[in-house]
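Asks: fold the following and give me the result.
(one chain, ligands or ions: 2)
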Amino acid sequence: MFVCSAAGCWTSLCRISAPGVRAALRAACRRPGAEPAGPCGRSRLSGSWTQHQQQQHQQQRTSTRRKLLRPGEEKKSVICIEGNIASGKTTCLEYFSKTSNLEVLTEPVSKWRNIQGHNPLALMYQDPVRWGLTLQTYVQLTMLDRHLSTMSAPVRMMERSIYSAKYIFVENLYRSGKMPEVDFAVLSEWFDWITSNIDIPVDLIVYLQTTPQTCYERLTQRCREEEKVIPLEYLETIHQLYEDWLINQMSFKVPAPVLVIPANHDLQKMLHQYEEHRGKILMGSK
Ligand SMILES: Nc1ncnc2c1ncn2[C@@H]1O[C@H](COP(=O)(O)OP(=O)(O)O)[C@@H](O)[C@H]1O
Ligand SMILES: O=c1ccn([C@H]2C[C@H](O)[C@@H](COP(=O)(O)O)O2)c(=O)[nH]1
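Replies: Ligands and ions are numbered 1, 2, ... in the order given. All right, here's what the predicted structure looks like:
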């Protein structure tokens, strides 16, 4: 059972600027006995839905939505686009942004590059031991704010998620010895609290599967100032963490079914694949 001291919560909530996060935290705090709404461990799809997966997915969605939907309220779907750095996520979102009845939310990278005149993304790449916690705390907050923002269309397609921030990037910093144990513990307790007390609906994960080499070439071509220090080995580690999470499903719970799209191809072939998979991506989330 979840119990909170309202006075204590309000003191700390006043310091949080993201309004969506503040509202959700407040709502969660007012819900003594609120049920944890954590990841559900659903499995991977490669190209097609199996009947069992579809039934399980549908049952789970129906039972969750039954609690949340009011009469006349329409069902909404959230699709998260996941993949290594420079795998083509933004490009994919850009392509789908022309679809009607669909809203696109990119990763809030501009915020990570500029919070009140500071650049925590650059600081993290320069000195991960000192600044890893700072960046990832802000990533966690801004991603939560993205997840909780009011939907303006029946389908939302968003870049990455609060889950990959924790399971891929925080995990990488910690495992590589670049995040002190105490920093990892603080971030983990925050993450566990959030995912146990706040409903973060994700209906489908689209994994853009690339080789680290392809990402390295695209990253070099994109030439983002902060990322010039990234070596190929970093992308290899991030790749392996993604594969263990979404393909092998042996590291962390997967919060939704996964659709894998091979993404080493040139742009034209990628757009063709997106068209080919359009139904599965948009209808698969229903
Ligand atoms: N299929 C592709 N083939 C070649 N270059 C690509 C392809 N998709 C994206 N790019 C380029 O690679 C870079 C990274 O793509 P982007 O969509 O920003 O990746 P992400 O959002 O995953 O970091 C950009 O310069 C983009 O124009
Ligand atoms: O939790 C996170 C998420 C992202 N990053 C870094 C990785 C990249 O340098 C940028 C943005 O990633 P894209 O894949 O280009 O969208 O942010 C991180 O350090 N931690």
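Asks: the stretch 101-250 of the chain: helices as residue ranges?
Replies: 109-113, 120-126, 128-148, 162-164, 171-175, 181-197, 212-222, 232-242 (DSSP state H, counting those that start in this stretch).
Asks: okay, these, which one's buried deepest?
Replies: Most buried of these, by mean neighbour count (mean count of other CB atoms under 10 Å): helix 162-164, with a mean of 25. Where C-beta positions appear, they are placed from N, C-alpha and C, glycine not excepted.
Asks: pLDDT on that helix, on average?
Replies: Helix 162-164 carries an average pLDDT of 98.
Asks: that one near ligand 1 anywhere?
Replies: No: Helix 162-164 is not in contact with ligand 1 by CB under 6 Å from any ligand atom; minimum separation 11.5 Å.
Asks: sorry, back to before: now render the helices of the stretch 101-250 of the chain as CSV, adding distance to Gly83.
Replies: Formatted as CSV, those follow (distance: least, CB to CB, whole Å):
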stretch, distance to Gly83
helix 109-113, 14
helix 120-126, 18
helix 128-148, 16
helix 162-164, 9
helix 171-175, 15
helix 181-197, 21
helix 212-222, 8
helix 232-242, 7
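Asks: which among these is found nearest to Glu275?
Replies: helix 212-222 (20.8 Å; CB to CB).
Asks: do that closest one and ligand 1 come into contact?
Replies: Yes: using CB under 6 Å from any ligand atom, helix 212-222 reaches ligand 1 at Arg218, Gln221, Arg222.
Asks: how far off centre is that helix?
Replies: Here helix 212-222 is found 21 Å from its chain centre; the criterion is CA atoms, centre = their mean, to the nearest Å.
Asks: what's it packed up against?
Replies: Judged by 3 or more CB pairs under 8 Å, 6 or more residues apart in numbering; DSSP states H and E, the packing partners of helix 212-222 are helix 232-242.
Asks: dump the helix it packs on to PDB, restricted to CA.
Replies: In PDB, the C-alpha atoms belonging to helix 232-242 read as follows (Å, rounded to 0.1, in the frame of the first residue of the first chain):
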ATOM      1  CA  LEU A 232      32.200   3.000 -31.700                       C
ATOM      2  CA  GLU A 233      32.600   0.900 -28.500                       C
ATOM      3  CA  TYR A 234      30.000   3.100 -26.800                       C
ATOM      4  CA  LEU A 235      27.400   2.400 -29.500                       C
ATOM      5  CA  GLU A 236      28.300  -1.300 -29.300                       C
ATOM      6  CA  THR A 237      27.500  -1.400 -25.600                       C
ATOM      7  CA  ILE A 238      24.200   0.500 -26.100                       C
ATOM      8  CA  HIS A 239      23.400  -1.900 -28.900                       C
ATOM      9  CA  GLN A 240      23.900  -4.900 -26.700                       C
ATOM     10  CA  LEU A 241      21.800  -3.400 -23.900                       C
ATOM     11  CA  TYR A 242      18.900  -2.900 -26.400                       C
END
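Asks: counting by contacts, list what that helix packs against.
Replies: Helices and strands touching helix 232-242, by 3+ CB pairs under 8 Å, 6+ apart, are helix 171-175, helix 212-222.
Asks: chain center to that helix: distance?
Replies: Distance, centroid of helix 232-242 to centroid of chain: 17 Å (CA atoms, centre = their mean).
Asks: equivalent analysis for stretch 227-239, please.
Replies: 19 Å.
Asks: so what touches that stretch?
Replies: 84-85, 125-126, 168-169, 172, 176, 210-213, 215-216, 219 (CB atoms under 8 Å, 6 or more residues apart in numbering).
Asks: can you do 10 Å?
Replies: For stretch 227-239, contacts defined as CB atoms under 10 Å, 6 or more residues apart in numbering pick out 83-87, 121-122, 125-126, 164, 168-169, 171-172, 175-176, 209-220, 224.
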